[in-house]
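Peer 1: Coordinates for the following, if possible.
(chains A, B, C and D)
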2 protein chains.
Amino acid sequence: MSPEPSGTSRQRGGLPEKRKAIAAAARAVFAREGYTRASVDAIAAEAGVSKRTIYNHYRDKEQLFLLTIQESAVSVAAAHLDLIQHGLCDLEDLEEGLVAFGRAWVVPQPDFEDHFALVRVIIAEAARLPEAVLQGWLEAGPRPVTAGLTKAIGELVDRGLLVTDDLDETVRHFVLLVNTEVLEQSFHHAIPLPAADLDRLVRSGVRTFLRLYRP
Amino acid sequence: MSPEPSGTSRQRGGLPEKRKAIAAAARAVFAREGYTRASVDAIAAEAGVSKRTIYNHYRDKEQLFLLTIQESAVSVAAAHLDLIQHGLCDLEDLEEGLVAFGRAWVVPQPDFEDHFALVRVIIAEAARLPEAVLQGWLEAGPRPVTAGLTKAIGELVDRGLLVTDDLDETVRHFVLLVNTEVLEQSFHHAIPLPAADLDRLVRSGVRTFLRLYRP
DNA sequence: GTCTATATGAGGATAGAC
DNA sequence: GTCTATCCTCATATAGAC
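Peer 2: Sure thing, here's the model as predicted:
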């Protein structure tokens, strides 16, 4: 349709420009439609690329999906690790710090809408996905975040702000009380909670967490 | 294929026999395949019925799906309420009773496999489902179970076995610690956890719950 | 209950740009 | 010659006609 200005895809080999467009379009369309309903045609249209071009870069639709969820997991994990770095280390007031972090973590950031939609697709397809893919996704996304949380909460323990004899369980409880509750109630962010409810849940989650682990 | 003995669908109006077969087949196929991938053809085949018969009983595929999840929610809620009745009322040892109940609740019962698969489909389609349908499903399934749990746990509070100043939150914490943790880890039962892990999670969940609410 | 109309999807073939 | 775009094929879906 639109005449494509001109020099778009010049970058050493000639590949990456359009490939990025395809990856972004795939993320958006798979997120919006789910795996089966998403058509390669739609992805091509959204990327401003011909369908054939997609098959030049990706073996088939399944491969495209697998790479899409993997990339999404990696980028969101990086963002969350950043949040942990800035929000959980060097906090002054314990309760307020945890609440602020929890809120930032759990509020559905517009940039991550697609990611959460993809997570819902993964849940839906989990039983059909190759075991290795699912494990790879866990390695790339959730696991590093848990590891970062463990490190950060471990430091709080070291500083004497929290007490526990099972750090991993403590981290699971934090995730459960602050994050998972929200996920369940919002159908994994398919039906966003009102901001007020969200705030209340995070605050009450943190308070309960502290009832368990405050010295 | 099989010649269908003869007098199968005699029941006052003539409807319900085949309708039940269709409902059962729809539950199975939607659970196995998800909404989009499931074909009405496959459902008809599984029900031993012609496709036309399905369209005689249900307006279209979407309507069939909506009624299917509703019926599934109702029947599983009834079973879970039964479990609560038999497992949570009149328990002798508090911790052991809660653990036994939690295990029975959370272990993926073969009869409910389809139900959990449907829940995954609901999560996947949640953003596309009519608001009213989702609310109706919550009313029919999860809500009554929560209500039953609230009643049962309320009685434990009345008997002085637990203390709380916010019963609803207490119930949410029980659900979270005993059930939700398992759901998250198993991708809502798409990837079943080893029995040992499951046991450990329930036991540790109950223990944490008691740390919060034991007098 | 079978048979058909219509549409849409995945992936391959064929032809054009630089 | 490499990368892109348009057209083709074959399978399968829903829903309605017979």
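Peer 1: near chain B, which residues of chain A?
Peer 2: Within chain A, the positions near chain B by CB under 8 Å from any CB of the partner chain are A:34, A:36-37, A:117, A:120-127, A:134, A:169, A:172-173, A:176-177, A:180-181, A:183-184, A:187-188, A:190-191, A:204, A:208, A:211-212. Placement of C-beta: from N, CA and C, glycine included.
Peer 1: Residue A:122 contacts residue A:136, correct?
Peer 2: No - counting by CB atoms under 8 Å, residue A:136 is not a contact partner of residue A:122; they are 11.6 Å apart.
Peer 1: The two: which is more packed in?
Peer 2: Counted by other CB atoms under 10 Å in any protein chain shown, residue A:122 and residue A:136 do not tie: residue A:122 has more neighbours, with 23 against 15.
Peer 1: At the geometric centre of chain A, which residue sits there?
Peer 2: residue A:76 (4.3 Å; CA atoms, centre = their mean).
Peer 1: three-state assignment of that residue?
Peer 2: Three-state assignment for residue A:76 (DSSP: H, G, I helix; E, B strand; the rest coil): helix.
Peer 1: Distance check, it against DNA strand C.
Peer 2: Distance, residue A:76 to DNA strand C, using CB to the nearest atom of the strand, to the nearest Å: 25 Å.
Peer 1: Which residue, neighbours along the chain excluded, lies closest to that residue?
Peer 2: residue A:115 (4.8 Å; CB to CB, 6 or more residues apart in numbering or on different chains).
Peer 1: ok, the one you found touching residue A:78?
Peer 2: No - between residue A:115 and residue A:78 there is no contact under CB under 8 Å: 11.6 Å.
Peer 1: neighbour count winner among these two?
Peer 2: It is residue A:115, of residue A:115 and residue A:78, that has more neighbours when counted by other CB under 10 Å, with 21 against 13.
Peer 1: Which residues are in contact with that one?
Peer 2: Contacts for residue A:115 (CB atoms under 8 Å, 6 or more residues apart in numbering or on different chains) come out as A:31, A:72-73, A:75-76.
Peer 1: can you list the residues that contact the strand or helix carrying residue A:196?
Peer 2: Per DSSP states H and E: residue A:196 is located in helix A:195-213. Contacts with helix A:195-213, where a contact means CB under 8 Å, 6+ apart, come from A:94-95, A:98-99, A:102-103, A:106-107, A:162-164, A:170, A:173-174, A:177-178, A:181-182, A:185, A:193, B:169, B:173, B:208, B:211-212.
Peer 1: Next, the angle from that helix to helix B:195-213.
Peer 2: 90 degrees (axes from the mean of the first three to the mean of the last three CA atoms, to 10 degrees).
Peer 1: Distance of residue A:192 relative to residue A:87?
Peer 2: Counting by CB to CB, to the nearest Å, the separation of residue A:192 from residue A:87 is 21 Å.
Peer 1: same deal with residue A:178?
Peer 2: 12 Å.
Peer 1: Neighbour count: those two, which is higher?
Peer 2: Relative neighbour count places residue A:178 above the other of residue A:178 and residue A:87, with 24 against 18, counting by other CB under 10 Å.
Peer 1: quick one: low-confidence ranges for chain A?
Peer 2: A:1-15 (pLDDT under 70).
Peer 1: Where does residue A:38 sit: helix, strand or coil?
Peer 2: Residue A:38 - assigned by three-state DSSP - is coil.
Peer 1: how about the helix or strand residue A:181 falls within: buried residues?
Peer 2: Element membership for residue A:181 (DSSP H and E) is helix A:181-185. Of all the residues in helix A:181-185, those buried under the rule 16 or more other CB atoms under 10 Å in any protein chain shown are A:181-184.
Peer 1: what's the closest of these to residue B:141?
Peer 2: residue A:184 (13.4 Å; CB to CB).
Peer 1: tell me the contacts of that closest one?
Peer 2: B:176, B:180, B:183.
Peer 1: Mind doing that once more with 10 Å?
Peer 2: Contacts for residue A:184 (CB atoms under 10 Å, 6 or more residues apart in numbering or on different chains) come out as A:176, B:123, B:142, B:172, B:175-176, B:179-180, B:183-184.
Peer 1: just to revisit the earlier point, can you list residues touching both of residue A:178 and residue A:87?
Peer 2: A:98, A:101-103, A:105.
Peer 1: what about residue A:191, neighbour count?
Peer 2: For residue A:191, using other CB under 10 Å, the count is 14.
Peer 1: How about the secondary structure of it?
Peer 2: Per three-state DSSP, residue A:191 ends up coil.
Peer 1: Once you drop chain neighbours, what's closest to it?
Peer 2: That would be residue B:126: by CB to CB, 6+ apart, it lies 6.0 Å from residue A:191.
Peer 1: now swap in residue A:146 and tell me
Peer 2: According to CB to CB, 6+ apart, the nearest residue to residue A:146 is residue A:171 (6.4 Å).
Peer 1: surely that neighbour meets residue A:142?
Peer 2: No - counting by CB atoms under 10 Å, residue A:171 stays clear of residue A:142, with 11.9 Å between them.
Peer 1: More neighbours: those two, which one.
Peer 2: Set residue A:171 next to residue A:142 and count neighbours by other CB under 10 Å: residue A:171 wins out with 20 against 17.
Peer 1: how far off helix A:195-213 does the helix or strand encompassing the more buried one point, in degrees?
Peer 2: Following DSSP H and E, one finds residue A:171 within helix A:167-174. Interaxial angle, helix A:167-174 versus helix A:195-213 (the same axes, to 10 degrees): 150 degrees.
Peer 1: which residues touch helix A:167-174?
Peer 2: Against helix A:167-174 from outside (CB under 10 Å, 6+ apart): A:88, A:98, A:101-102, A:146-154, A:156-157, A:162-164, A:166, A:180, A:205-206, A:208-209, A:212-213, B:176-177, B:181, B:184-185, B:201, B:204-205, B:207-208.
Peer 1: got the buried residues for it?
Peer 2: For helix A:167-174, burial by neighbour count (16+ other CB under 10 Å) applies to A:170-174.
Peer 1: now stretch A:53-63
Peer 2: Buried residues in stretch A:53-63 (16+ other CB under 10 Å): A:53-54, A:58, A:61.
Peer 1: Stretch A:25-36 now?
Peer 2: Per 16+ other CB under 10 Å, stretch A:25-36 contains these buried residues: A:25-36.
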